[in-house]
Structures are given as structure tokens and as C-alpha cells.
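Trainee: Sequence below, structure please.
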Amino acid sequence: MAKTNQRIDGRRLWDSLMSFAAIGATPKGGVRRLTLSETDKRGRDKFRAECEALGLTVRVDAIGNMFARRAGRDPNRLPVLFGSHLDSQPSGGKFDGALGVIGGLEVMRSLNDMGIVTEAPLELINWTDEEGSRFGHSLMGSGVWSGVFSLDKAYALTDTEGATVAGALDAIGYRGTAPARPFAADAYFELHIEQGPILEREGHQIGVVTGAQAMVWYDAVATGQDSHSGTTPPAARKDALVCAARIIDLVDRLMRARGEDGRGTVGQLLVSPNSRNVVPGEVRFSAEFRHPSDAEVDALDAEFQPAARTIAEACGVDLELTTLFRIAAQPFDPGCVDLVRQGAAKLGYGSREIVSGAGHDAVYVARHVPAAMIFTPCKDGLSHNEAESIEPEEAEAGCQVLFEAVVARANRSL
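Mentor: Residues are numbered from 1 along each chain as shown. Model prediction:
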């Protein structure tokens, strides 16, 4: 039994989650809300309208990040931030990112219902393009905001149809006037589904996230020669797809050599000319590695690049391998993490410490603002999938812990 009478409204939270899930809903029960698309605009417009209905002041920065501010008793205190993202994978789930934003809305609604004015101001954030599925650069909004890469670089990124980020922002009316750079803040909290099986498997309601693992992402282009599949003998082939396939196998082998902590994935593959009877002359693909240890990611990078080039040379194929970005392992702030831990204990929720296997906006925000994350279980650990699923009581538990942590931080003695 929760040891508090300050309760968020779990049914209202779930109804709101389902209402947002209708925007970009897919036949298999997921969502397709690609960043800066017309569908994303509908989600953003709904988010803005609901924030303004609560009396929050909404501003948008130059990369489209949305900030909804609730005044505090002391306007001189730094704000406590919380949020996540509303964009999705092409065939994404209802809860990835959305839980953190809509859970934040429920925190704001509940504070209004209870007539609570926190000492510090509060700001709820919808970060732009966390997923990276349209323009190929995840954590875009928080990355620009935190200074990891420039606004001009982000503006120039293109999707597969040649649309730029700058053009897409203008097309949906979300290139804001506020500067896209860090501002002074007291803390940042992010509620998210785990996207893994640990909490469900161990029967915990809350993951107390202590940090996020390191990662490195690559873009690769293998260039061989288009030729007739029926007339080109093996010795004359420069098959870009065979080259890519062998590099994909390399990624998998390097991952498995690290045991259960290793992560290595090729998730995107574009074959050209993509004809049944043509030896492929070009393949563009992604590759990535992740590990809790910076040293292991460094070792993976040092082993992968020369090995991939050796494979390409043996195939008679040119390989262009570009490091898209690297993110060091990011520990979260011990004080903020402890507030999550205390909130779960106060509410009587089973919890365990966990390191995030996925990248989240909190990873970049933590470079400037003390930060922590709250995980809730998801069924079978499945995410980035239309079948992604959580239970209403799991959403409520995570949101209640978010409420406890945000209010405690905003009301702390200075």
C-alpha cells in the first residue's frame, strides 16, 4: 500500500496514453509517428493544447524541442525538468517515449488537482527526434540542446526522400524561436519503459536507472559493380551485398564474444539496384555496438573497422565506413537516482538498480543537468515493435514514482 495520499490518476493516465496512441495508430496496434511528419505535428499540437489547458506556458526552440513550464512559488529557483519524446519508430509501440511525456502531463494535472505549488518551477519536455529513424541521427533534439552537435549539422540532415530537418521543421511549423542550447536547471527526470526483459523477469515494478551504456554508430557504403546475375562468373563478381552480409556476420560475432553484456546490430540495409537478376552494386547499411564499459566499446571499434575493410578488400568492393557518433557511458546523478529509489520505497514498489541498454535523451541532458531515469517493465522486454505492451498499473506505478521524485526535488531545502 502506498504511503502517501498524493496520488496521480492512473485511469486518466491510461486514457491519455490511449488517446495519443490513436495519432499514427497502425493496424497491428502500434504507432507510426515519424519525427517532424504531419503525424508528429498532430501529436505535438495535441501536447501543446493539453499543456496550455493546464495553464502551462509552452515555448519551442530552434530544433523543435517543446518546453511546458509551470510556475513555482520561488521564481528565482532553477526549474526541475522532466519528459521524453513523442516521435516513434516506423513500426513502433504506444509507450516508447510517450509514457515519459504523457506521464509528465499527468504529474502536471495531478498537481493542479491537488492545488500544489512547488517551490521551484517545473518544465515538461517533448524532445525532437529521439528515435533517429527518419534522419539517421538519434537523440537529435537533446543532442543539439546539449551542444553535442551543431544546429546547422542537424538542419542539414536528410531523410531517404531528400527532405532536410530544417525544411521539415518549417513544413510543420515547429522551428521555434527559443535558442536550442542548455539553460540552467536543477534536475532532469525521465520515465521510460525498460525496453528489455529484466524487470518483468525478476518481478520488479520499478527500475532505478543508475546510468546508460556506451555506444558507437556507423554508416557504411559498400560499392561493387552491378552485373547480370546469369552471366557473371564468381571470379568476375564485385558483389556489394555479399560484402555487407559478411560484415553483418562480423558485427554479430564481435557482439557474442562479449557475452550477455555485448550488443551489436545492423538494423538498416538499402540494396541497389535491388533487382532479382542483378548482382548488387551498392549496399548502404548501418552498424552499431553498445556495452556498459567504455573500454569494451573502444575495443569493439578498434577491432571492427580494420576487419570490415579486410572483408571488403577480399570481396573486391570499396567500403566507406563513417563513424556517425559515439556516446560514452553516462552515470546519472547520485542524488537524483536516490530520489527515484526513495520514491519507489515510499510507495512500496519492488525495485532494482539497472543500467540502461538504450540511448535516451537523459544521457545528453545529464552532461549539463543532474539527471536520473525511471524504468517500468514491458511485456517480454519487447520494444521498437508494434506489439510493445505494458499494463495500466505499471504505467501508474512509474508515473507515481516520477511524481514523488519531481516534487521532492522541486521542494528540497537549498
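Trainee: The stretch 101-250 of the chain: strands as residue ranges?
Mentor: 122-127, 187-193, 206-212, 214-223, 227-228 (DSSP state E, counting those that start in this stretch).
Trainee: Just tell me which of those ends up closest to Val60.
Mentor: Nearest to Val60 among those is strand 122-127; the distance by Cβ to Cβ comes to 9.4 Å. All C-beta atoms are positioned from the backbone trio N, CA, C, and that covers glycine.
Trainee: helices or strands up against the closest one?
Mentor: If you count contacts as 3 or more Cβ pairs under 8 Å, 6 or more residues apart in numbering; DSSP states H and E, strand 122-127 packs onto helix 38-53, strand 66-70, strand 80-85, helix 98-114, helix 140-145.
Trainee: among those, which is nearest Phe285?
Mentor: Distance to Phe285, taken as Cβ to Cβ, is lowest for helix 140-145 among the helices and strands packed on strand 122-127, at 20.6 Å.
Trainee: can I get the strands of the stretch 101-250 of the chain in JSON lines with distance to Gly162, mean pLDDT and mean neighbour count?
Mentor: Formatted as JSON lines, the strands of the stretch 101-250 of the chain follow (distance: least, Cβ to Cβ, whole Å; pLDDT from 0 to 100; neighbours: other Cβ atoms under 10 Å):
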{"stretch": "strand 122-127", "distance to Gly162": "25", "mean pLDDT": "98", "mean neighbour count": "27"}
{"stretch": "strand 187-193", "distance to Gly162": "32", "mean pLDDT": "98", "mean neighbour count": "29"}
{"stretch": "strand 206-212", "distance to Gly162": "33", "mean pLDDT": "96", "mean neighbour count": "24"}
{"stretch": "strand 214-223", "distance to Gly162": "16", "mean pLDDT": "95", "mean neighbour count": "21"}
{"stretch": "strand 227-228", "distance to Gly162": "28", "mean pLDDT": "97", "mean neighbour count": "13"}
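Trainee: got CSV for those, with distance to Asp159 too?
Mentor: As requested, the strands of the stretch 101-250 of the chain are exported to CSV (distance: least, Cβ to Cβ, whole Å):
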stretch, distance to Asp159
strand 122-127, 18
strand 187-193, 25
strand 206-212, 26
strand 214-223, 14
strand 227-228, 30
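Trainee: Please identify which of these is closest to Arg284.
Mentor: Closest to Arg284 of these, according to Cβ to Cβ: strand 214-223, at 5.2 Å.
Trainee: what pairs with the closest one, and is each one parallel or antiparallel?
Mentor: Counting by DSSP bridges, the strands paired with strand 214-223 are strand 282-291 (antiparallel), strand 318-327 (antiparallel).
Trainee: looking at those strands, which is buried most?
Mentor: strand 282-291 (a mean of 22; mean count of other Cβ atoms under 10 Å).
Trainee: hang on, the earlier thing: who wins for proximity to Gly176 among the helices and strands packed on strand 122-127?
Mentor: The closest of the helices and strands packed on strand 122-127 to Gly176 is strand 66-70. By Cβ to Cβ, the value is 8.0 Å.
Trainee: I would like the residues contacting the closest one, please.
Mentor: 44, 47-48, 51, 54-61, 79, 108, 111, 118, 121-126, 174, 176, 178 (Cβ atoms under 8 Å, 6 or more residues apart in numbering).
Trainee: can I get the helices and strands packed on strand 122-127 in CSV with distance to Arg352, mean pLDDT and mean neighbour count?
Mentor: As requested, the helices and strands packed on strand 122-127 are arranged in CSV below (distance: least, Cβ to Cβ, whole Å; pLDDT from 0 to 100; neighbours: other Cβ under 10 Å):
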stretch, distance to Arg352, mean pLDDT, mean neighbour count
helix 38-53, 31, 98, 18
strand 66-70, 31, 98, 22
strand 80-85, 21, 98, 28
helix 98-114, 19, 98, 23
helix 140-145, 26, 98, 29
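Trainee: I'd like to know which of the strands paired with strand 214-223 is closest to Gln6.
Mentor: strand 318-327 (35.9 Å).
Trainee: Hey, what's the angle from that closest one to strand 206-212? Just curious.
Mentor: 120 degrees (axes from the mean of the first three to the mean of the last three Cα atoms, to 10 degrees).
Trainee: still on that earlier bit, what's the closest of the strands of the stretch 101-250 of the chain to Val355?
Mentor: Using Cβ to Cβ, the strands of the stretch 101-250 of the chain put strand 206-212 closest to Val355, at 5.6 Å.
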